[in-house]
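# just the structure for this:
(2 chains)
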Amino acid sequence: MVGPLEQAILALMIFVIMLGMGASLTPRDFTLALKRPYGLMIGVVSQYGFMPLIGFILATTLPVSDPIKIGILIMACMPGGTTSNIFTYFSKGNLALSVLMTVTSTVFGVILIPVVLVLYAGALDLDIPRENIIATLVLLLVPVAIGMVLRKLNANVGAVTEFMGSMLAIFFILFLIVSWIPRNWEFLLTTTWATYFGSIVLGLFGFALGYGFSTLLKLHPRNARTVALETGIQNGPLAIAIIAFTFSGSEAQSIMAVPVLYSLFIVITSTMVTFWFRRVNTANEQPLPNGLL
Amino acid sequence: MTDPTRPWTAFYGASVRKTIDAPAFRTIGDFISATAALYGDQPAFTTCLPNGMNGTLSYAQADEMSDALAVYLREIAGLTTGDRVAIQVPNCLAYPIAAMAVFKAGCVLVNVNPLYTPEEMAKQFADAEPAAIVVVDMFADKLVEAMQGHPIPNVIVTRIAEYFPVMPKAIVGAVQKYWDKTIKPVTLPHIRLPEAVKAGRAKHAEMHNALESYRQSIEPDDVACLQYTGGTTGVSKGAMLTHTNILMNMEQTMELIEQFEKGKEVALTALPLYHVFAFTVNFLGMFSQGAHNILIPNPRPLTNLKRAFENYKITWLSGVNTLFNGLSGEVWFQDTPPKHLKFASAGGMATQGVVAERWEELTGKPLLEGYGLTESSPILTFNPFGKSRVNSIGVPLPSTVVKCVDEDGADVPLGEPGELIAKGPQIMKGYWKKPEETAKTIQNGWLLTGDIGVMSEDGYFSIVDRKKDMILVSGFNVYPNEIEDALAAHPGVEEVAVIGVPDGASGEAVKAFVVKRDETLTKDAVRAYCKEHLTGYKVPKMVEFRDELPKSNVGKILRKDLRAEEQAKVENA
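The predicted model follows:
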């Protein structure tokens, strides 16, 4: 899995990336998103309404072992992760909304994750590691706040920070994919197709439902893209931590197959979705007749 | 007391002079140095890129750098009084430095549209024969071909991120070079702008009276600017605008606007500075107010303006109908309209009533339309703040007389349409090397605009059409603008142009060319809509849907091209 040094490096990278993301925002972006909490509410519903349901259906219909079923369910109940903010940024979505969605789903998660799991998995008694939740929030909010302050103090410092952050983000995404595959080669070869299917499809359904639902409710395309990514992208590391806290031995190992696989494929599918969203965004730009402007 | 020949002066504010006898400065160079001394370290110009990266020059810096570049042009490049200098850059810090240097050096500025094709450039170069050019690296590759007719001996190359801090400059340069690939190698012998400024600065240190001697070599009535105009009326011609023309027009325009507070305004310049409207009003006019001018190199797509609106407290902007229409349609702009805006100025083309209404509703601040021509430096009329009228170009500026005349040059009765003619200190000296064209356009000291206007009883003007666009339908005069305005208000219509086509029954018939916004729009729906809003004879007999309409490079719809197409159809039939 991931060693402490790698974990520290990853955390540092996320910190710098989120600093850059923050530098693209202004307080007004947040007040606007809060003034119209509609998008936020739709986000929470798709996060804790649809995703667990998708997870439940996948877990009950796919021919997988019990630990994998548990893994799929846990994964489906996770809040949005930091990667969703990065992909929202590149998709030209509403980054402020994305950050707020990640924060709300994470905070609500403390209550909602156990409730939803009890609902779908009966007597599954899970330990929610609060430290991890707090760490997630800190790693998200502190750099975003600093980034915003930097931009306010000096637009150039802000813009350079944003540029560096986004460059690092691209590197980060490539790094996740490239470093993950050789490390887990053995594991990839021994995993059954149903586990693959469950881990990949969970995210894809999340994108589709999030996008469809918010488009149906007439959210602006920019916000619909945001909800889609936020719904589909779950906090994989949190799932891993929860499993490590709750289970032990070979059972923990088997359950963990899901978040590990999910974490790899979500980066790949999100990248593809992002390319598509960018195309859609460009196509929807207001046509300006040729002229003085 | 109201002047009976100028009833509109009643609408001037209390502090507005009705007549301005002479400009406050002898030359544009004098104006620049004196103004810069007043505002010193305050920011004068900031280039703001779509990602928020920016570079700023203070009043003092702009003044000092343009001094240095003026010395470079004269002493090192070897130019002399009256030599033309072409500037072909988008809005960026190089523009003010170069333009100010040209004036201080006693040379003549020739604005060149950076998006011109090499052939278009070549034509302009052959006519103006510039001795030097300041060009942005992105377009320098076109020079080789453009210079085949008239070689320009001195080439000064600049860049969009000129005078940015080191990091943003490096990033912008790298992105342009390796990602956008918009910068091609410059193969011509050239010097970089900062090098030229440095060299001029060193030379200036040796020759203290250099600038004073250039200053004395020019007179207020010498040409300051050759402003090329009018693909729409035939051959492209250089309007000779003198120092007095430009200084007066700047002063006349600023005189009418009482809302500006000196040293406190933040202006957004999205219109290109090579265009006479932005040149006189945004560049020089706002400089005279001690404003902080935010320059936007490329406003397309309009999201490119988002960071500028977020990072600067914009108090004023100017634009054309397209800009205001477009901004009102951007979600981010609707969410956060500029809080500090005082008003916006529109010109260049007719502002549609619906566009002005939507803008005013969104921002809560007026959109004031003005009118003018390149030949009048350019402003002739403007709507006074608080007294603006829809679909009106406002009232003539101080020291300006505008009237409507018939084909024989006689005044038409009040309220009747007639060709607008104008007189004032802003009227050009003539067209460069084209005395016959000049004679056709300036008669007895009056500038013939070729626009058909109406004056209201109290002195407000409105344009009803261009002289030759009128359509004669069974003896009725139909003005295309009226029909276009009506159709532009239809939510399914993106753009529209109306012309007259030969028609057996009525002599001429009205034909509308429509670019759809809503794909489901039908021809019958267009006609039905017109019937609702217009008298029968004005309703287009024919409607044709197009993907786009032919336009001049300043965005005016070219009705004459549509007419030529229709004429060809008739001849081929």
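
# just give me the neighbour total for B:Pro435.
Neighbourhood size, B:Pro435 [other Cβ atoms under 10 Å in any protein chain shown]: 9. (Each C-beta comes from the backbone N, C-alpha and C, glycine too.)

# ok, B:Lys123 next?
When neighbours are counted by other Cβ under 10 Å, B:Lys123 registers 18.

# for the helix or strand where it lies, the distance to its chain's centre please.
In the assignment (DSSP states H and E), B:Lys123 maps to helix B:118-128. Distance, stretch centre to chain centre, for helix B:118-128: 20 Å (Cα atoms, centre = their mean, to the nearest Å).

# elements contacting that helix?
Packing partners of helix B:118-128 (3 or more Cβ pairs under 8 Å, 6 or more residues apart in numbering or on different chains; DSSP states H and E): strand B:84-88, helix B:143-146, strand B:223-229.

# got phi/psi on B:Gly492?
Backbone geometry at B:Gly492, expressed as degrees, to the nearest 10, gives phi -90, psi 0.

# show me the shaky parts of the chain.
You didn't pick a chain, so chain A it is. Of all residues in chain A, those with pLDDT under 70 make up the ranges A:1-3, A:122-127, A:287-293.

# that's the wrong chain, I wanted chain B
Counting by pLDDT under 70, chain B shows low-confidence ranges at B:1-2, B:230-236, B:466-468, B:470, B:472-478, B:504-507, B:554.

# can you tell me the residue of it closest to chain A?
Ranked by Cβ to the nearest Cβ, the top residue of chain B for proximity to chain A is B:Gly555, at 1.9 Å.

# now do the strands in the stretch 351-500 of chain B.
B:367-372, B:379-382, B:395-396, B:401-405, B:418-423, B:430-431, B:442-443, B:446-455, B:461-466, B:471-473, B:476-478, B:493-503 (DSSP state E, counting those that start in this stretch).

# now check the longest one, is it near chain A?
Yes: with Cβ under 8 Å from any Cβ of the partner chain as the criterion, chain A is reached by strand B:493-503 at B:Glu494, B:Glu495.

# so in terms of bridging, what pairs with B:Ala497?
B:Phe513 (DSSP bridges).

# burial check on it, number of neighbours?
By the measure other Cβ under 10 Å, the count of residues near B:Ala497 is 24.

# now do the one 4 residues further on
Each residue near B:Val501 was counted by other Cβ under 10 Å, and the total is 19.

# so it touches B:Met542, yeah?
Yes: assessed by Cβ atoms under 8 Å, B:Val501 is found in contact with B:Met542 at 7.0 Å.

# mutual contacts of these two, please.
Shared contacts of B:Val501 and B:Met542 (Cβ atoms under 8 Å, 6 or more residues apart in numbering or on different chains): B:Ala509, B:Lys511.

# so which bits of the helix holding B:Lys123 are buried?
B:Pro118, B:Glu120, B:Met121, B:Ala122, B:Lys123, B:Gln124, B:Phe125, B:Asp127, B:Ala128 (16 or more other Cβ atoms under 10 Å in any protein chain shown).

# could you do stretch A:134-152 as well?
Across stretch A:134-152, burial judged by 16+ other Cβ under 10 Å covers A:Thr136, A:Leu139, A:Leu140, A:Pro143, A:Val144, A:Ile146, A:Gly147, A:Met148, A:Leu150, A:Arg151.

# now, which of those lie within helices?
A:Thr136, A:Leu139, A:Leu140, A:Pro143, A:Val144, A:Ile146, A:Gly147, A:Met148, A:Leu150, A:Arg151 (DSSP state H).

# helix or strand: which one has the nearest residue to the second one once chain neighbours are set aside?
This means A:Leu139. Using Cβ to Cβ, 6 or more residues apart in numbering or on different chains and skipping the chain neighbours, the partner closest in space to A:Leu139 is A:Ile14 (5.7 Å). Assigned by DSSP H and E, A:Ile14 belongs to helix A:4-22.

# helices or strands next to that helix in the packing?
Other elements packing on helix A:4-22 under the criterion 3+ Cβ pairs under 8 Å, 6+ apart are helix A:82-90, helix A:130-153, helix A:155-183.
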